[in-house]
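# Give me the fold of what follows.
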Amino acid sequence: MQKRPILLGIVGDSAAGKTTITSGIAKVIGQDRCTIICTDDYHKYNRVQRAEKGLTALHPDCNYMDIIEQHLNLLKDGKAILKPHYNHATGDFDPPSYVEAKDFIIVEGLLGFSTKAMRDAYDVKLYLAPPEELRFLWKMRRDTQKRGHTAEAVAKEMKLREPDSEAFIRPQRKWADMVICFWPPETDKKETGSHLNASLVLRPTLPHPDLSDVLEQGGNGIHMDLDRDMGLPVDRLEIDGNISDEKAKRLEDLLWRHIPGEHHHLRHESIGDITGTTGEKLRSHPLALTQLLVAYHLLKAASGHYQ
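Numbering: from 1, shown residues only. Next up is the predicted model:
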């Protein structure tokens, strides 16, 4: 391990899947080795105050951007922070938490790439970009089932937030090393879970693994093409939501062959887990492979291969 922690930044709009991605990555690299923080805890105002000021939580003026920068640099130096805590259920603040820097720092939130100081703190940067129709369904389900909001209130909030999403959240996509999009297959537009397709934009800002051994074997389920994203050349890796167990395992095996051997004891951990609409546990191959690909970059960086 390097002496300093490895930082992963995950940015996306509300209910874009940040926590789901984070949980699987933490399983791969070892949950006891991870510190997970959310930049959304750094709001300046509670829910009532935001309404009075006419601000949404997505606006930089509603967040302590300078303290986020300061805390990211402290964590990168291996130092502890006293992190604020915003309670999404009550819309107010709970007491702060003492947070120690572990081997890996996963930072998720709405505005994590907003300033150069933030961007410079990360070793790997992800942006989550599901279709807006799918994000609406995810947010509606989460906020009504887990946060106690009414469907009407959720719909109203999303409409209110849309201008700030367009102005402040989506432009951060350009700073990401990987852009991750889960989307329903053409044959089942109502799919929201384990059979979603995955489309991964892989920018050359990271040395991505050579997947040609699996890609050249052909067959349905996975392919890579040259593409452009925000005007720049990229590789785009497509993983079908109905990829076979055999094909998914071949790609998983290939990724583990690229991961430094000192980390292979972690492989027993299950990844790609999601909760279905009725609370059942499901597994998504595209999600699992996405989480593993991100973990690959973190473990390579931790082993000094990016120096």
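# pretty sure residue 174 is touching residue 230, no?
Yes. With contact defined as C-beta atoms under 8 Å, residue 174 reaches residue 230; the gap is 5.1 Å. Every C-beta, even on glycine, is put in place using the N, C-alpha and C of the backbone.
# Give me the pLDDT for the closest residue to residue 209 other than its chain neighbours.
Spatial nearest neighbour of residue 209, chain neighbours left out: residue 258 (4.4 Å); criterion: C-beta to C-beta, 6 or more residues apart in numbering. pLDDT, residue 258: 92.
# what's the answer for residue 216, then?
73.
# From residue 256, how far out is it?
Per C-beta to C-beta, to the nearest Å, residue 216 is found 19 Å from residue 256.
# Ok, residue 116 next?
35 Å.
# same deal with residue 126?
20 Å.
# again, but for residue 175
For residue 175 relative to residue 256 (C-beta to C-beta), the value is 29 Å.
# same check, this time on residue 222
16 Å.
# Compare these two and say which one has the larger neighbour count.
Shown here are residue 222 and residue 256; by other C-beta atoms under 10 Å, residue 222 has more neighbours (24 against 17).
# Could you count how many residues lie near residue 151?
Neighbours of residue 151 (other C-beta under 10 Å): 11.
# how about the closest residue to it other than its chain neighbours, what does it touch?
Of all residues not flanking residue 151 in the chain, residue 144 sits nearest, at 5.8 Å (C-beta to C-beta, 6+ apart). Counting by C-beta atoms under 8 Å, 6 or more residues apart in numbering, residue 144 makes contact with 150-151, 154.
# so residue 144 is in which element?
Element membership for residue 144 (DSSP states H and E) is helix 132-145.
# starting at the chain centroid, how far to that helix?
Relative to its parent chain, helix 132-145 has a centroid offset of 16 Å by C-alpha atoms, centre = their mean, to the nearest Å.
# now swap in stretch 27-39 and tell me
On C-alpha atoms, centre = their mean, the centre of stretch 27-39 falls 12 Å from the chain's centre.
# and if you look at stretch 137-154?
20 Å.
# got the CA positions of it in CSV?
Presented in CSV, the C-alpha positions along stretch 137-154 are these (Å, rounded to 0.1, in the frame of the first residue of the first chain):
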residue,chain,number,x,y,z
LEU,A,137,-38.3,6.2,-11.0
TRP,A,138,-35.4,5.5,-8.7
LYS,A,139,-35.8,8.8,-6.8
MET,A,140,-39.5,8.4,-6.5
ARG,A,141,-39.1,4.9,-5.0
ARG,A,142,-36.2,5.9,-2.7
ASP,A,143,-37.8,9.1,-1.4
THR,A,144,-41.2,7.7,-0.8
GLN,A,145,-40.1,4.4,0.7
LYS,A,146,-37.0,5.3,2.6
ARG,A,147,-37.3,9.1,3.3
GLY,A,148,-41.0,9.4,4.0
HIS,A,149,-41.9,11.9,1.2
THR,A,150,-45.1,11.9,-0.8
ALA,A,151,-45.0,11.2,-4.5
GLU,A,152,-46.4,14.7,-5.1
ALA,A,153,-43.6,16.3,-3.1
VAL,A,154,-40.9,14.3,-4.9
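# returning to what we had before: distance of the residue nearest to residue 151 from residue 150?
Counting by C-beta to C-beta - residue 144 and residue 150 are separated by 7 Å.
# Over to residue 283?
32 Å.
# do residue 32 as well
Residue 32 is 39 Å from residue 150, by C-beta to C-beta.
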